[in-house]
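Enquirer: attaching a predicted model along with its sequence, questions to come.
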Amino acid sequence: MIVRKSAFDEGVCVVEAEGRLDAAAAAQLEAELNSLLAEGKSKIVVDLGGVSYVSSTGLRVLLVAIKKARGGGGDLKLCCLTRRVHDIFRMAGFTAIFPIHETEEEAVRGFESRE
């Protein structure tokens, strides 16, 4: 798994993940998200466009992160999900929990409408 991050002027951090978000790779994403949250950055977009699979461990990492982000007054939004990954989120019932956007830009703009 490769994780890249970038920041926007709106105070939104984007984390880009690639590969399989399984038990072996989830720790890297978890560390990145926890680092951002520890720095007080609670507006996060996770770009899953390069992710081919998400396991239950990966889902747990995202669920814990969204709870922390919302507890800090922010949110965690997902974008660019492939059909397969979107199906995993839908089957797990996570589409009701996570704001899911088609593009990164749309997800970032979603924070502007909440302020």
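Expert: Right, received. Where do you want to start? Numbering: from 1, shown residues only.
Enquirer: going by C-alpha atoms from here, please, whenever you check contacts or count neighbours.
Expert: Will do.
Enquirer: tell me the pLDDT at the residue nearest the centre of the chain?
Expert: For the chain, the residue sitting closest to the mean C-alpha position, by C-alpha atoms, centre = their mean, is Val46 at 3.0 Å. Listed pLDDT for Val46 reads 96.
Enquirer: quick one: find the helix or strand in this protein with the lowest mean pLDDT.
Expert: strand 2-7 (a mean of 67; mean pLDDT, DSSP states H and E).
Enquirer: so after that strand, what's the next helix or strand?
Expert: strand 13-21 (DSSP states H and E).
Enquirer: run the chain-centre distance for the strand or helix carrying the residue nearest to the centre of the chain.
Expert: Here Val46, judged by DSSP H and E, is contained in strand 43-54. A distance of 6 Å separates the centroid of the chain from that of strand 43-54, by C-alpha atoms, centre = their mean, to the nearest Å.
Enquirer: just stretch 5-23 next, same as before
Expert: The answer for stretch 5-23 is 7 Å, by C-alpha atoms, centre = their mean.
Enquirer: okay, buried residues for that stretch please.
Expert: Judged by neighbour count using 16 or more other C-alpha atoms under 10 Å, the buried positions of stretch 5-23 are 5, 12-22.
Enquirer: and it, end to end?
Expert: 21 Å (C-alpha to C-alpha, to the nearest Å).
Enquirer: what does stretch 86-96 give?
Expert: 12 Å.
Enquirer: quick one: average pLDDT of it?
Expert: pLDDT averaged over stretch 86-96 gives 97.
Enquirer: that stretch: which residues count as buried?
Expert: Result for stretch 86-96 [16+ other C-alpha under 10 Å]: buried residues 86, 88-89, 94.
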